[in-house]
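In: Here is my input, please return the structure:
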Amino acid sequence: KVDALVVTRGEHGSEIHTGGKRIDIPCVPVEKVVDPTGCGDAFRAGMMHGLSRGYDWETTGRIASLMGAIKIIHQGGQNHAPSLAEIEERFEQAFGYRF
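Out: Alright, predicted model coming up:
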C-alpha cells in the first residue's frame, strides 16, 4: 500500500500520483547544467524534507525539484550546501510562495 507514486522525468519535471489524481511538478530552470551526478539523491532529500514536515504533495514535490536544480549547477555529487534561507528564497522565486 502506497500513498503516492513519484515519477521523475529530468528536465521535464516530475509527476506525483496520489489520491486518484496526478500532480505535475515543474522543473526549476537553471542557467547552466554542470553535473547531474547526485540529482536523484538531492530530489529525494527534498521529498523527505517535505514529507517529514507534513507539507502537501505540491509543495513537497516543488522542494524536491528545487533541490535537484540546486545540485545540478554544482560539480560533484555532494559539493552543494545551501542554507535553509537560500532554499526558501529560491523556492519563492521559482514558485511564488513560501513553504
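
In: I'd say A42 and L66 touch.
Out: No: in this structure, A42 is not within contact of L66 by Cβ atoms under 8 Å, at 9.1 Å. All C-beta atoms are positioned from the backbone trio N, CA, C, and that covers glycine.

In: Could you tell me how far E11 is located from C39?
Out: 10 Å (Cβ to Cβ, to the nearest Å).

In: more neighbours, these two?
Out: A direct count of neighbours by other Cβ atoms under 10 Å for E11 and C39 places C39 higher, at 19 against 12.

In: The longest helix seen in the chain: which residues count as buried?
Out: If you go by DSSP state H, the chain has its longest helix at helix 57-72. Across helix 57-72, burial judged by 16 or more other Cβ atoms under 10 Å covers 57, 59-72.

In: Same question for stretch 26-40.
Out: Residues 27-28, 38-39 are the ones in stretch 26-40 that count as buried (16+ other Cβ under 10 Å).

In: how about those in JSON lines, adding secondary structure?
Out: Shown next, in JSON lines, are the buried residues of stretch 26-40 (DSSP: H, G, I helix; E, B strand; the rest coil):
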{"residue": "C27", "secondary structure": "coil"}
{"residue": "V28", "secondary structure": "coil"}
{"residue": "G38", "secondary structure": "coil"}
{"residue": "C39", "secondary structure": "helix"}
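
In: Out of those, which is nearest to E89?
Out: Distance to E89, by Cβ to Cβ, is smallest for V28 among the buried residues of stretch 26-40, at 12.7 Å.

In: That closest one reaches G61, doesn't it?
Out: No: with contact defined as Cβ under 8 Å, V28 does not count as touching G61 (11.1 Å).

In: F43: how many residues sit nearby?
Out: 23.

In: mind listing the helices for the protein?
Out: Using DSSP H, helices in the chain cover 39-52, 57-72, 84-95.

In: possible to save the ones you listed as a markdown table with distance to V33 and mean pLDDT?
Out: Shown next, in a markdown table, are the helices of the chain (distance: least, Cβ to Cβ, whole Å; pLDDT from 0 to 100):
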| stretch | distance to V33 | mean pLDDT |
| --- | --- | --- |
| helix 39-52 | 10 | 96 |
| helix 57-72 | 5 | 97 |
| helix 84-95 | 16 | 96 |
